[in-house]
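Undergrad: Sequence plus predicted model, see below.
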Amino acid sequence: MRNIDVNDVVDNATFNKFHWKVLFWCTLIIIFDGYDLVIYGVVLPLLMDQWGLNPYVAGLLGSSALFGMMFGAMSFGMLSDKLGRKKTIIMCVVLFSVTTVINGFATTPWEFGILRFIAGLGIGGVMPNVVSLMSEYSPKKSRSTLVALMFSGYAVGGMMSAGLGIWIVPNFGWEIMFYLAIVPMLILPFMLKFLPESVAFLMAQKREGEARSILQRVAQNRNITERDVLIVPPTTESKAPVLELFRDGRAMSTMMFWTAFFCCLLMVYALGSWLPKLMSSAGYALSSSLMFLMVLNVGAIVGAVGGGWLADRFSLRSVLVSFFLLGSGSLILLGYESPMWFLYTLMGIAGATTIGSQILLYAYVAQYYPTSIRSTGLGWASGIGRNGAIVGPMLGGTLLAMALPHQMNFLALAIPGAIATVAIALVDRKGLSRETRAQVGPVAAATTH
């Protein structure tokens with residue numbers, strides 16, 4: 001009979017078919033998530049014309065899904081610690097998929113806004129849970145890369161939404177874009193079969209047989225028998241898990257994470273909701289304006305994967321600081337008239353360093369907090385950040401209504417990047433508890449200093 005440390009098994013596992021399966025399903029879910037969220041920016045110009053929306057109302061409609069995301073991220077993040085990652089993820093997928101399909105039948109802005117809010121609950125709830133699941137099963141030497149690669153699915157979904165929108169919206173109307181959200185429901189049985197449950201949750205539920213079976217697939221080179229005793233590092237039980245985010249020296253870093261999430265999500269969703277309209281207002285055709293949105297998401301994939309690769313070799317903090325600085329600079333330059341190739345290049349850099357930074361922030365938070373409060377930490381950081389996401393579309397509508405010079409619009413969107421730079425620079429590894437350092441491991445922990 002042996003005592004086997006669960007975290008040690010995962011940290012030192014060799015990447016295999018099991019990891020590919022987790023990466024595939026988590027990425028696919030995030031692709032659906034990204035598609036569903038970017039739809040609004042794609043259909044916004046047509047909706048404003050069809051329903052006669054002014055910029056303020058259009059901004060509020062854009063924020064309705066983000067209000068839902070804020071509540072969804074916080075509530076489903078904590079709920080998964082009790083119900084399990086898998087069950088919560090499935091619930092969220094069903095919620096945002098079904099509601100988005102129904103959204104295509106909306107006939108008034110009021111109906112549209114309510115349905116977007118409900119869909120937002122599922123969209124926001126799924127994000128912290130798939131990040132947490134991917135982080136839990138990733139070998140420590142490639143954890144940042146795998147989480148970032150998985151989360152790049154958000155940009156893939158956004159790119160699909162923009163690409164399909166270029167062809168579908170002008171020819172068939174905006175409703176078709178929402179009907180396509182039925183696809184996740186068609187593959188739901190496969191998600192139920194192949195998506196694994198969290199080992200930490202299974203151990204907490206005394207389901208050691210299932211946990212042992214999963215661990216054997218995680219580390220195929222190890223022989224884990226029924227006589228072996230699985231050990232999970234002890235955690236402190238708390239009736240108020242949110243308060244744990246401020247204990248053991250984590251208070252300052254928690255506040256800085258929340259600030260960075262707020263600023264980053266403000267930039268991401270202001271651009272996602274208003275970029276086509278801002279560019280068309282500056283004189284670009286609708287198809288060209290939607291192409292800017294596609295380039296933004298292509299850049300996000302490069303930024304997420306490249307940023308994850310850099311983070312595993314250097315430091316998540318230094319990569320994020322550099323990204324936020326580059327993002328602010330590219331947004332400022334976008335406001336000035338330039339050759340089209342240069343504008344596309346700047347847009348790609350903006351996508352890599354804004355949406356890419358959002359993805360890296362999730363990876364940073366997932367590595368910072370111990371397993372017992374990881375989903376809570378991710379959920380609350382994402383939830384607080386959703387306030388920035390809510391402000392973003394409203395800010396875009398306000399800027400458009402004020403009829404400011406083109407460069408002033410992008411300057412206003414660049415300021416949050418400077419604030420996020422300072423916030424991430426103030427995150428300190430000294431706030432990590434001993435438990436967190438043990439769970440993160442030496443390589444992953446090195447990314448937090």
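TA: Structure's in. What do you need? Numbering: from 1, shown residues only.

Undergrad: just the helices in the stretch 51-200 of the chain please.
TA: Along the stretch 51-200 of the chain, the segments classed as helices by DSSP state H, counting those that start in this stretch run 55-83, 85-103, 109-137, 143-151, 153-172, 175-179, 183-186, 188-194, 199-204.

Undergrad: What angle do helix 109-137 and the second one make with each other?
TA: Interaxial angle of helix 85-103 relative to helix 109-137 (axes from the mean of the first three to the mean of the last three CA atoms, to 10 degrees): 160 degrees.

Undergrad: For helix 85-103, buried residues please.
TA: By 16 or more other CB atoms under 10 Å, the buried positions in helix 85-103 come out as 85-93, 95-103. (Each C-beta comes from the backbone N, C-alpha and C, glycine too.)

Undergrad: which strands and helices sit next to the host helix or strand of residue 253?
TA: Element membership for residue 253 (DSSP states H and E) is helix 251-281. If you count contacts as 3 or more CB pairs under 8 Å, 6 or more residues apart in numbering; DSSP states H and E, helix 251-281 packs onto helix 17-51, helix 55-83, helix 286-313, helix 316-334, helix 340-368, helix 371-402, helix 406-425.

Undergrad: Could you list the low-confidence segments of the stretch 201-350 of the chain?
TA: 224-241, 282-289 (pLDDT under 70).

Undergrad: so which of the helices of the stretch 51-200 of the chain is the most packed in?
TA: helix 143-151 (a mean of 26; mean count of other CB atoms under 10 Å).

Undergrad: re the thing from before, list just the one of the helices of the stretch 51-200 of the chain that sits closest to residue 299.
TA: When these are ranked by proximity to residue 299, the top entry is helix 153-172, at 8.0 Å, counting by CB to CB.

Undergrad: Distance from the helix holding residue 253 to the middle of the chain?
TA: Centre-to-centre, helix 251-281 and its host chain are 12 Å apart (CA atoms, centre = their mean, to the nearest Å).

Undergrad: So which bits of that helix are buried?
TA: Buried residues in helix 251-281, counted by 16+ other CB under 10 Å: 253-281.

Undergrad: Quick one: work out the angle between it and helix 371-402.
TA: Using the same axes, to 10 degrees: helix 251-281 against helix 371-402 is 30 degrees.

Undergrad: I'd like the helices of the stretch 51-200 of the chain laid out as TSV, including distance to residue 372.
TA: Formatted as TSV, the helices of the stretch 51-200 of the chain follow (distance: least, CB to CB, whole Å):
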stretch	distance to residue 372
helix 55-83	8
helix 85-103	13
helix 109-137	11
helix 143-151	18
helix 153-172	26
helix 175-179	38
helix 183-186	30
helix 188-194	26
helix 199-204	8
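
Undergrad: quick one, which of these is nearest to residue 296?
TA: Among these, helix 153-172 comes nearest to residue 296, with 7.7 Å by CB to CB.

Undergrad: Can I get the closest one as CSV, trimmed to CA atoms?
TA: In CSV, the C-alpha atoms belonging to helix 153-172 read as follows (Å, rounded to 0.1, in the frame of the first residue of the first chain):
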residue,chain,number,x,y,z
GLY,A,153,-10.8,29.0,-28.6
TYR,A,154,-12.6,32.2,-27.5
ALA,A,155,-10.8,34.0,-30.3
VAL,A,156,-11.5,31.2,-32.8
GLY,A,157,-15.2,31.5,-31.9
GLY,A,158,-15.1,35.2,-32.4
MET,A,159,-13.3,34.8,-35.7
MET,A,160,-15.9,32.3,-36.9
SER,A,161,-18.7,34.7,-35.9
ALA,A,162,-17.1,37.6,-37.8
GLY,A,163,-16.3,35.4,-40.8
LEU,A,164,-19.8,34.0,-41.1
GLY,A,165,-21.2,37.4,-40.4
ILE,A,166,-19.5,38.9,-43.5
TRP,A,167,-21.4,36.5,-45.7
ILE,A,168,-24.6,35.7,-43.8
VAL,A,169,-25.7,39.0,-42.3
PRO,A,170,-25.9,41.1,-45.5
ASN,A,171,-27.5,38.3,-47.5
PHE,A,172,-29.7,36.4,-45.1
